[in-house]
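Novice: what follows is a predicted structure for the sequence shown.
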Amino acid sequence: MPYHLRFGEADPLRIRFAISPLWETHSAVRVLARPRQQGYHLPWMRRIAGAARGLDLGPLHLLMPARGHSPDFLYPPPLGPAASFEEEIGAVRRTDPALVLDDFERALAATPGAAESDGGRRMLADPAGAVERLAGLLEAAWEALVAPDWPRLRALLEADVAYHSRRLAEGGLERLLGELHPSFDWAAETATLRVGYHGEHVRPLDGQGLVLMPSVFTWPEVVSGFDPPWQPTVVYPARGIGGLWTDARDRTPEVLGRLLGPVRADVLCALTEPMGTTALAHLLGRAPSTVSAHLAVLRDAGLLASRRYGHQVLYERTPLGLAVSQPRP
């Protein structure tokens, strides 16, 4: 039973991508309680196991039913394309307490016994206090579980946005929505995006447009259905998470390192997606100035191409660069 997101005349012009560190924090907390979502993230889970044991995530897990409503105010769609965690958690703390009680009641009702538990009763008795406690837990989870790896995560998310923005420019809305996730179905005759998800929901976009948000920890799920006053949003698994937790340098063929030099070869092989200098430097553990110098040489040699995307320059492999970087059998 899918969600139906109905586009009006102006809505295709108001498609935007966004990245949310708060959403990734919420999703990381959820992954810890969902074995089905842990497959790609086992190296991360082993590394943060000690930090996770030091957090009391029970109140957050209580509001994450396997099926049903989760409180939108705890992880609303970001207002800008790249809001900081501090900006997003500040917005959570400023939530009107009058909006909170209904969210709590609906989320707790989706898990048998949750409303009658000590934690559930405490939330319902003091919604304003619960907001502050939950925001504090999300902040602690961000610092312990996500922030240490945020440069790596952000690089992958930005690469996904750059790729799909280009696909939107090249092929239009129908091609983009057809490629984002297998559960997406674009019905051109009614200008409706059907998103396969639990629950039946119809929402006209009414000129608000749609936020498309890639996520690392959401895999394999796609999430939609943010209720007013939140902007209509679809969260989908980002491209490339299969290699997220492997060292980029492990993908460099030894013979290529002998040909180009080890650092330059690592730079070439790490560009599995378009990426900027800073993100690539974080991924490789190198100084941005070092990476920038190697990028310039590889571009001059015809192995890379560069293009401007917003405030940054993205590099990607040319057909020649792709051929050189692929290991031979």
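Specialist: Yes, it's here. Here the structure is a predicted model, which means the values were calculated and not measured.
Novice: low-confidence stretches in the stretch 101-250 of the chain?
Specialist: Low-confidence segments of the stretch 101-250 of the chain (pLDDT under 70): 197-200, 225, 247-250.
Novice: show me the strands in it, by range?
Specialist: With DSSP state E, counting those that start in this stretch applied, the stretch 101-250 of the chain shows strands at 184-187, 192-195, 201-204, 210-215, 233-237, listed in chain order.
Novice: and the ones you listed: which comes nearest Gly39?
Specialist: Closest approach to Gly39 among those (C-beta to C-beta): strand 233-237, 12.0 Å. In short, each C-beta sits where N, CA and C put it, glycine included.
Novice: residues near the closest residue to Arg167 other than its chain neighbours, how many?
Specialist: Distance criterion C-beta to C-beta, 6 or more residues apart in numbering; nearest residue to Arg167, sequence neighbours excluded, is Leu176 at 5.3 Å. Residues lying near Leu176 (other C-beta atoms under 10 Å) number 20.
Novice: so Leu176 sits against Leu168, correct?
Specialist: Yes. With contact defined as C-beta atoms under 8 Å, Leu176 reaches Leu168; the gap is 4.5 Å.
Novice: re the thing from before, Val267 is nearest to which of the strands of the stretch 101-250 of the chain?
Specialist: Closest to Val267 of these, according to C-beta to C-beta: strand 210-215, at 23.5 Å.
Novice: other SSEs contacting the closest one?
Specialist: With contacts defined as 3 or more C-beta pairs under 8 Å, 6 or more residues apart in numbering; DSSP states H and E, strand 210-215 has these neighbours: strand 15-17, helix 21-32, helix 150-180, strand 233-237.
Novice: could these go into TSV alongside distance to Ala140?
Specialist: Below are those laid out as TSV (distance: least, C-beta to C-beta, whole Å):
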stretch	distance to Ala140
strand 15-17	28
helix 21-32	10
helix 150-180	15
strand 233-237	23
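Novice: for Asp266, find the nearest of the ones you listed.
Specialist: helix 150-180 (14.5 Å).
Novice: mean neighbour count and distance to Gly68 added to the strands of the stretch 101-250 of the chain, as JSON lines?
Specialist: Below are the strands of the stretch 101-250 of the chain laid out as JSON lines (neighbours: other C-beta atoms under 10 Å; distance: least, C-beta to C-beta, whole Å):
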{"stretch": "strand 184-187", "mean neighbour count": "16", "distance to Gly68": "22"}
{"stretch": "strand 192-195", "mean neighbour count": "20", "distance to Gly68": "16"}
{"stretch": "strand 201-204", "mean neighbour count": "14", "distance to Gly68": "12"}
{"stretch": "strand 210-215", "mean neighbour count": "24", "distance to Gly68": "19"}
{"stretch": "strand 233-237", "mean neighbour count": "22", "distance to Gly68": "17"}
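Novice: TSV for the ones you listed, including distance to Met123?
Specialist: Supplementary listing: the strands of the stretch 101-250 of the chain in TSV, determined by distance: least, C-beta to C-beta, whole Å:
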stretch	distance to Met123
strand 184-187	34
strand 192-195	29
strand 201-204	25
strand 210-215	26
strand 233-237	24
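Novice: out of the ones you listed, which comes closest to Gly129?
Specialist: Checking the strands of the stretch 101-250 of the chain against Gly129 by C-beta to C-beta gives strand 233-237 as the closest, at 27.8 Å.
Novice: list the helices and strands that closest one packs on?
Specialist: Looks like strand 233-237 contacts strand 210-215 (3+ C-beta pairs under 8 Å, 6+ apart).
Novice: residues in contact with the strand it packs on?
Specialist: The list of residues contacting strand 210-215 from outside it, by C-beta atoms under 8 Å, 6 or more residues apart in numbering, reads 5, 7, 11, 14-20, 23-24, 27, 77-78, 157, 160-161, 164, 180, 193, 223, 231-239.
Novice: same question, stretch 76-85
Specialist: With C-beta under 8 Å, 6+ apart, stretch 76-85 has contacts from 16-23, 25, 88, 91-92, 142, 147, 161, 211, 213, 226, 230-231, 233, 310.
Novice: let's see it at 10 Å
Specialist: With contacts defined as C-beta atoms under 10 Å, 6 or more residues apart in numbering, stretch 76-85 is touched by 16-25, 87-88, 90-92, 95, 138-139, 142-143, 146-147, 150, 154, 157-158, 161, 210-211, 213, 226, 229-235, 310-311.
Novice: next: stretch 95-108.
Specialist: Here stretch 95-108 makes contact (C-beta under 10 Å, 6+ apart) with 62-65, 68-74, 76, 114-117, 119-121, 123-124, 126-131, 134-135, 227, 229.
Novice: is it correct that Leu322 falls within a strand?
Specialist: No. Residue assignment for Leu322, taken from DSSP: H, G, I helix; E, B strand; the rest coil, gives helix, which places it outside any strand.
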